[in-house]
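Novice: Got a predicted structure here, sequence first:
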Amino acid sequence: MITCIAIDDEPKALEVIERYCIKTSLVDLKATFREPVKAIEFLNREKIDLIFLDINMPDISGMQLVQTLSPRPMVIFTTAYSHYAVESYDLNALDYLLKPITFDRFLAAVNKAAAASSSKNTISNEDEATVFIKSGAQTYQVKKGDILYLEKDGNYITVHLKDKNILIRENMGDIFDLVPATDFVRVHKSYVVAIKHISMIEVHQLVINGEKIPIGSTYREALRSRLGLK
């Protein structure tokens with residue numbers, strides 16, 4: 001269940017959110033706040049998944065409040081003004097509910113939050129999954145999420161991790177027996193990279209953790225297609 005709070009200086013608006021939360025089993029409303037500063041104090045003490053957040057409030061706006069939070073929970077803005085929509089999505093808001101909020105629109109936003117939460121947990125679990133990598137007489141247990149890329153050099157492959165490198169004797173053709181093809185992609189005859197760690201891509205190269213990785217001409221179109229690039 002998604003834990004949440006609601007912040008709004010209007011009591012009736014909070015009553016609506018509270019009533020709607022009771023009607024669905026997807027969210028657990030932990031608290032409501034009319035004063036944004038008190039909400040911030042609560043968020044500094046408690047871990048919350050989602051905030052229903054008004055925009056026009058005294059002392060500090062909802063937009064400003066979001067920018068003070070780190071880490072930042074999911075946010076669903078609730079407001080009577082449609083002209084804030086673009087700015088809200090610039091802050092990666094999950095949804096934008098216009099008052100008066102109907103229950104079906106509220107439920108759609110909550111379902112979106114549930115889907116995002118589920119996806120986040122799945123990614124986290126995948127990152128925590130481990131593989132055993134044999135290097136000479138030693139075998140390392142490594143988190144898949146820590147593997148940046150793999151680089152072939154002669155009969156050996158270097159597994160580049162966040163904190164170290166491991167040299168293994170392996171064929172590039174068998175590398176997807178070691179790392180999942182769903183999360184890694186071959187970009188060159190000598191390189192397989194973790195898709196999630198790509199920070200920038202150009203025609204002939206990409207960047208991972210500050211390192212420039214060449215993109216082979218025979219892999220270019222397949223890579224762009226895999227990443228959904230035109």
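Specialist: Nice, I can see it.
Novice: Number of residues surrounding the closest residue to Ser117 other than its chain neighbours?
Specialist: If you skip the residues right next to it in sequence, Ser117 has Ile2 as its closest partner in space, 5.7 Å away by CB to CB, 6 or more residues apart in numbering. All C-beta spots, glycine's among them, are computed from the backbone N, C-alpha and C. As a burial measure, Ile2 scores 20 neighbours (other CB atoms under 10 Å).
Novice: Give the closest residue to Leu148 in space, chain neighbours not counted.
Specialist: Excluding the flanking residues, the one nearest Leu148 by CB to CB, 6+ apart is His160, at 4.6 Å.
Novice: Isn't the one you found up against Lys152?
Specialist: No. Here His160 lies out of contact with Lys152, judged by CB atoms under 8 Å, at a distance of 11.8 Å.
Novice: which of the two has more neighbours?
Specialist: Set side by side, His160 and Lys152 show more neighbours around His160, with 22 against 17, by other CB under 10 Å.
Novice: Ala108 belongs to a helix, doesn't it?
Specialist: Yes. Per DSSP: H, G, I helix; E, B strand; the rest coil, Ala108 lies within a helix segment.
Novice: Which residues are in contact with it?
Specialist: Asp95 (CB atoms under 8 Å, 6 or more residues apart in numbering).
Novice: which SS class is the residue nearest to Leu148?
Specialist: Following three-state DSSP, the label given to His160 is strand.
Novice: okay, the residue nearest to Leu94 when sequence neighbours are not counted: pLDDT?
Specialist: Nearest residue to Leu94, sequence neighbours excluded (CB to CB, 6+ apart): Met74, at 4.8 Å. Per-residue confidence (pLDDT) for Met74: 92.
Novice: cool, Lys143 as well?
Specialist: At Lys143, the model reports a pLDDT of 88.
Novice: okay, now it: neighbour count?
Specialist: With other CB under 10 Å as criterion, Lys143 counts 14.
Novice: what's the neighbour count on the residue lying closest to it once chain neighbours are set aside?
Specialist: Leaving aside its chain neighbours, Lys143 sits nearest to Thr130 (5.5 Å; criterion: CB to CB, 6+ apart). Thr130 has 13 neighbouring residues, counting by other CB under 10 Å.
Novice: cool, Ile40 as well?
Specialist: Using other CB under 10 Å: Ile40 sits among 15 other residues.
Novice: Would you tell me what the next helix or strand after the strand or helix carrying it is?
Specialist: If you go by DSSP states H and E, Ile40 is part of helix 36-45. Toward the C-terminus, helix 36-45 is succeeded by strand 50-54 as the next helix or strand (DSSP H and E).
Novice: Partner strands of that following strand, with direction?
Specialist: Within its sheet, strand 50-54 is paired with strand 2-7 (parallel), strand 74-79 (parallel), according to DSSP bridges.
Novice: Any idea which of the ones you listed has the lowest pLDDT on average?
Specialist: Lowest mean pLDDT within the strands paired with strand 50-54: strand 74-79, a mean of 92.
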